[in-house]
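Student: I would like to see how this sequence folds:
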Amino acid sequence: MTSGRWLPALGVVIGASLMVAAVALGQPANPVGPPNMVAGPGGDDQSPMARGWGRADRGWRFRRLEPEQICKQRFAREAGFLAYIGALLELTGQQQPLWDKYHQAMLDSATKLRQVCLDNLATPPSDQTALQRRDRMEKMLTARLDALHATRPALEALYQSLTPEQRAVLDRPRHRQRRR
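Tutor: I've put the predicted structure just below:
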């Protein structure tokens, strides 16, 4: 037998042997999945694939959210990110009122963006015409542009009061989330 024929067969035999040994020792045959399975609607444990979470080998961590939840998650992430940046800046007593003004402007803008997002959910995209989808996109982009305009004066005032070390915190690029 040539090595070209018995090597694949040997790999299959070794792989099967390891799976049998894992089952015999009480270990799961697929160690890549989530450590704790979540009970499904019927009370039975479902695999990530059965729950529709994507690929079982890596996608189980990222379940699909309902559109309404996406709108709310964006707001929550923005609020959390602002709190994180505020803590990193270690603001002085003189800088704190400027931060508070900027922070409030950002939260107000994020609230408006969340509301536009929720308003856009009235009709699912699949039931909209091309013109309706374009209008929906325009509303969201207009809201984002309005948010940028509304928060700029507060950001400029804050930025001018910061030390070079604090400015470096704000100057770091913010990593964008992967779009779904």
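Student: In contact with R144, which residues are there?
Tutor: L113 (Cβ atoms under 8 Å, 6 or more residues apart in numbering). No exception for glycine: its C-beta is placed from N, CA and C like everyone else's.
Student: Checking it next. Helix, strand or coil?
Tutor: Using DSSP: H, G, I helix; E, B strand; the rest coil, the structure places R144 in helix.
Student: Restrict the host helix or strand of E68 to CA atoms and write it as PDB.
Tutor: For E68, the enclosing helix or strand under DSSP states H and E is helix 67-89. Output of helix 67-89 as PDB, limited to C-alpha atoms (Å, rounded to 0.1, in the frame of the first residue of the first chain):
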ATOM      1  CA  PRO A  67     -34.300  44.700  15.000                       C
ATOM      2  CA  GLU A  68     -35.800  46.400  18.100                       C
ATOM      3  CA  GLN A  69     -33.000  45.000  20.300                       C
ATOM      4  CA  ILE A  70     -30.400  46.200  17.800                       C
ATOM      5  CA  CYS A  71     -31.700  49.800  18.200                       C
ATOM      6  CA  LYS A  72     -31.600  49.500  22.000                       C
ATOM      7  CA  GLN A  73     -28.200  47.800  22.000                       C
ATOM      8  CA  ARG A  74     -26.600  50.600  20.000                       C
ATOM      9  CA  PHE A  75     -27.800  53.100  22.600                       C
ATOM     10  CA  ALA A  76     -26.500  51.000  25.500                       C
ATOM     11  CA  ARG A  77     -23.100  50.500  23.800                       C
ATOM     12  CA  GLU A  78     -22.800  54.300  23.200                       C
ATOM     13  CA  ALA A  79     -23.800  55.000  26.900                       C
ATOM     14  CA  GLY A  80     -21.300  52.400  28.100                       C
ATOM     15  CA  PHE A  81     -18.500  53.700  25.800                       C
ATOM     16  CA  LEU A  82     -19.000  57.300  27.100                       C
ATOM     17  CA  ALA A  83     -18.800  56.100  30.700                       C
ATOM     18  CA  TYR A  84     -15.600  54.200  29.800                       C
ATOM     19  CA  ILE A  85     -14.000  57.300  28.100                       C
ATOM     20  CA  GLY A  86     -15.100  59.500  31.000                       C
ATOM     21  CA  ALA A  87     -13.300  57.200  33.500                       C
ATOM     22  CA  LEU A  88     -10.200  57.000  31.300                       C
ATOM     23  CA  LEU A  89      -9.900  60.800  31.100                       C
END
